[in-house]
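Engineer: based on what follows, work out the 3D shape:
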Amino acid sequence: MHLFPPASCPRIVVKIGSALLVDPDGAIRRAWLEGIAADIADRLTAGQQVAVVSSGAIALGARRLNLAKGGRASLEDAQAAAATGQIALSQAWAEVLSMNGITAAQMLVTLDDLEDRRRYLNAAATLGRLLSLGVVPIINENDSVATAEIRFGDNDRLAARVAQAADAYGVVLLSDVDGLYDRNPALPDAVHIPVVERIDRRIAGMADRGSASGMGSGGMVSKIEAARIAASAGVSLAIASGRIDRPLSADARHTVFLPEKRTRARKAWLAGRLTAKGSITVDQGAADALADGRSLLAIGATGVRGMFFRGDLVTIEGPNGPIARGLAEYDAADAGAILGLRSEDQADILGYAPRSALVHRNHMALL
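Structural biologist: Residues are numbered from 1 along each chain as shown. As a prediction, this is how the structure comes out:
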């Protein structure tokens, strides 16, 4: 077991793409799925807890409903295909896990379920209890109700957010590629990157947006975004090929994104949220202060974008890009009115006593 062995990684999340589970004709690749189930059984026997984020519902449903473009011709088609295919997907997982004496559970989530704090905690509690009972949760985005505006859109980022909620130590993204390359891996001079210590612009620039199978919704861009979410929560993430039998136990090439230090659960949740309502830009002095663990004061802010209210998530943008996310202490209009002002000068503008910060350090996570 070369990817996140049980001895050093007590809990992992495994994401499986549509092209690995479903063949081009829309049928489940049963023999391959049985191999994954055997891998999971070995890890459970060794003491590791495993959650699975499984794509495939839309691809399976599209075949049953004879929908064009794999069920992705329209949002309505995707929702209908997901509703139909999810039953077949869950049944397949339950069968192959049962063959190994494992109980499966199904969890369907939406973006809102993991962006809203209370619902996030409920999902985390459910995941934790299932895993402690030796159950393998099979998780998917609830595409039958998700809209174009409010959805993950790919299961790579969903897997990273599930890892946060499950307090996992590792995420494995099984895909049709065996990791990150410095350019499109189809090119003859492409170089494989085995380890990524930090996701910077150079690494992000290596991403290829394509999905080789045409079935999935993700590409390397979504995988790097997933790695960024995982790293911010102190979770390692690996991109590995699922185009081999028993990929969780094979000694095969892959890319590992190393994590940052593990952060408090609330900070990890803030850093991983995807739906910021707006942003506040800051000068270099304020950016340096945030890096030292201080709150964001109005005097260091230079601009406000978006329509947000007190308590909404905002992104804090430094001179070189996003540096933090946090919960706003002011509505956008009031925040904009006091940009660059010292605390003693804010009351006359606001008409009330100013709060201590635009974004308090206790409600902020650095990126």
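
Engineer: alpha carbons only for contacts and neighbour counts from here, please
Structural biologist: Noted.

Engineer: residues touching the residue positioned nearest the centre of the chain, list them.
Structural biologist: Of all residues in the chain, the one closest to the mean position by CA atoms, centre = their mean is residue 157, 2.5 Å from it. Applying CA atoms under 8 Å, 6 or more residues apart in numbering to residue 157 gives the contacts 222-223, 225-226, 229.

Engineer: could you point out which element follows the strand or helix carrying it?
Structural biologist: Using DSSP states H and E, the element containing residue 157 is helix 155-166. Proceeding N to C from helix 155-166, the next assigned helix or strand is strand 170-175, under DSSP H and E.

Engineer: that following strand pairs with which strands?
Structural biologist: Paired neighbours of strand 170-175 in the sheet (DSSP bridges): strand 11-16 (parallel), strand 236-241 (parallel).

Engineer: would CSV of those strands with mean pLDDT, mean neighbour count and distance to residue 71 be doable?
Structural biologist: Below are those laid out as CSV (pLDDT from 0 to 100; neighbours: other CA atoms under 10 Å; distance: least, CA to CA, whole Å):
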stretch, mean pLDDT, mean neighbour count, distance to residue 71
strand 11-16, 97, 25, 19
strand 236-241, 95, 26, 25
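
Engineer: reformat those as a markdown table; add distance to residue 173.
Structural biologist: Converted to a markdown table, the strands paired with strand 170-175 look like this (distance: least, CA to CA, whole Å):
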| stretch | distance to residue 173 |
| --- | --- |
| strand 11-16 | 5 |
| strand 236-241 | 5 |
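
Engineer: returning to that earlier point: can you show me the CA trace of the helix holding residue 157 as PDB?
Structural biologist: The C-alpha coordinates for helix 155-166 follow below in PDB (Å, rounded to 0.1, in the frame of the first residue of the first chain):
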ATOM      1  CA  ASN A 155     -15.800  15.800  -7.600                       C
ATOM      2  CA  ASP A 156     -12.100  16.700  -7.200                       C
ATOM      3  CA  ARG A 157     -12.900  19.800  -5.100                       C
ATOM      4  CA  LEU A 158     -15.700  17.900  -3.500                       C
ATOM      5  CA  ALA A 159     -13.200  15.300  -2.400                       C
ATOM      6  CA  ALA A 160     -11.000  17.900  -0.800                       C
ATOM      7  CA  ARG A 161     -13.900  19.400   1.100                       C
ATOM      8  CA  VAL A 162     -15.100  16.000   2.200                       C
ATOM      9  CA  ALA A 163     -11.500  15.400   3.500                       C
ATOM     10  CA  GLN A 164     -11.800  18.500   5.600                       C
ATOM     11  CA  ALA A 165     -15.200  17.500   7.000                       C
ATOM     12  CA  ALA A 166     -14.000  13.900   7.700                       C
END
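
Engineer: avg pLDDT for it?
Structural biologist: For helix 155-166, mean pLDDT is 90.
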